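Visitor: have a look at this prediction, sequence included:
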Amino acid sequence: MSKTAKSGSWNPWRIFMVEDHPTFREGLIQILNGEEDLTVCGEAASAAQALQRIGRSKPDLILVDITLPGKSGLELIKLLRTTDRKVKILVLSMHDEALYANRVLRAGGDGYIMKQESPEDIVHAIRDVLAGHIYVSEEVLASGGKPAAKKAGSKAKRRPLEQLTDRELQMLEFMGHGMSNLEMAKKLELRAEELAAEGAQIRRKLKLKSTNALIRHAVCWVETGRI
C-alpha cells in the first residue's frame, strides 16, 4: 500500500539498506525497486556508513543485517533509536532468529526475518512493519517466543547463549567462522587485551575451561545452531 499522494501520484515507501555483502545487497535492491510501493533510497556496507547517510536519505524503513564491519547491527539499532524513535527498523539476517529476535526488539527494532526466506516473504515482512506491526516468524511464536521484550528481573531460565551480551555473541560467531584474534579485534574495534578479556568472560558464562573448548563450541554453534 502506498503512503501518500502528491501531485496526483503515489509516493512509494523509502527503504534504506545496511548490508555488507554487495551481491546480496544489489540483488535485494533490484527486487525492492521492482515493487510499485517500495523504493530503495540509500545503502551502506557498515554501521559507520549508515550513520553518515541515513539522515540525508530520510527513509521510512531501515533494513539492517546483524553482522557488520565495526559496530554490529544491534549496536546500530541502539544508536539510531537515540535520535529517531519513529523510523521503522527490520533486521534481515542469516542468524538464529530464536536467539536474536528478542535482542533486536529490546534494542528498538520492529521485526526480524531470516535471509533464507523467499523474496516474497521479505517484501511481506517489510510491508507488515511499515503498517505498524511487529514482525517475527510463526516458528518463533510457536516455540514460545514473544514479539516483546522480557520484563526486567525475569527469573526464567535462559539458554547459555542468552547470557551473553550482544558483543560477546558476535565474538562467538566470529570464532565459529575461524577468524583470527587480529581479525576479530579489527572487526570489533577492540585492543588485544580487551579481546582477551571478552573471551575470558564468554568462557566463564558458558562454563568452559579453555580457549580450545570455546572455539569448538563456537564452531558447533555456527555449523548446527546448537551449543
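Guide: Thanks, I have it.
Visitor: what helix or strand does L76 sit in?
Guide: Using DSSP states H and E, L76 sits within helix 73-81.
Visitor: what about G27, neighbour count?
Guide: 12 (other CB atoms under 10 Å). (Each C-beta comes from the backbone N, C-alpha and C, glycine too.)
Visitor: surely it forms part of a strand?
Guide: No - using DSSP: H, G, I helix; E, B strand; the rest coil, the assignment for G27 is helix, not a strand.
Visitor: quick revisit: the very next helix or strand once past the helix holding L76 packs against which elements?
Guide: Next in sequence after helix 73-81, counting helices and strands by DSSP H and E, comes strand 88-93. With contacts defined as 3 or more CB pairs under 8 Å, 6 or more residues apart in numbering; DSSP states H and E, strand 88-93 has these neighbours: strand 61-64, helix 73-81, helix 97-107, strand 111-114, helix 119-130.
Visitor: contacting residues for K209?
Guide: R203 (CB atoms under 8 Å, 6 or more residues apart in numbering).
Visitor: thinking again about what came up before, what's the helix holding L76 in contact with?
Guide: 18, 47, 50-51, 54, 62, 64-68, 71, 87, 89, 91, 93, 103-104, 107-109, 166-167, 170.
Visitor: output stretch 175-191 as CSV, nothing but the C-alphas.
Guide: The C-alpha trace of stretch 175-191 is given here as CSV (Å, rounded to 0.1, in the frame of the first residue of the first chain):
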residue,chain,number,x,y,z
MET,A,175,35.3,-17.5,16.4
GLY,A,176,33.0,-20.1,14.9
HIS,A,177,33.8,-18.8,11.4
GLY,A,178,37.5,-19.3,12.1
MET,A,179,38.6,-15.7,12.5
SER,A,180,41.9,-14.9,14.0
ASN,A,181,42.3,-12.7,17.1
LEU,A,182,43.7,-10.0,14.8
GLU,A,183,40.7,-10.2,12.5
MET,A,184,38.2,-10.2,15.4
ALA,A,185,40.0,-7.2,17.1
LYS,A,186,39.7,-5.2,13.9
LYS,A,187,36.1,-6.1,13.2
LEU,A,188,35.0,-5.4,16.8
GLU,A,189,37.3,-2.4,17.2
LEU,A,190,39.0,-3.8,20.3
ARG,A,191,42.5,-3.8,21.6
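Visitor: how about N11, phi and psi?
Guide: phi -90, psi 130 (degrees, to the nearest 10).
Visitor: strands of this structure, residue ranges please.
Guide: For the chain, the strands defined by DSSP state E occupy 4-6, 9-11, 13-18, 38-44, 61-64, 88-93, 111-114.
Visitor: and these as TSV, adding distance to T211?
Guide: As requested, the strands of the chain are exported to TSV (distance: least, CB to CB, whole Å):
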stretch	distance to T211
strand 4-6	56
strand 9-11	54
strand 13-18	32
strand 38-44	34
strand 61-64	31
strand 88-93	27
strand 111-114	30
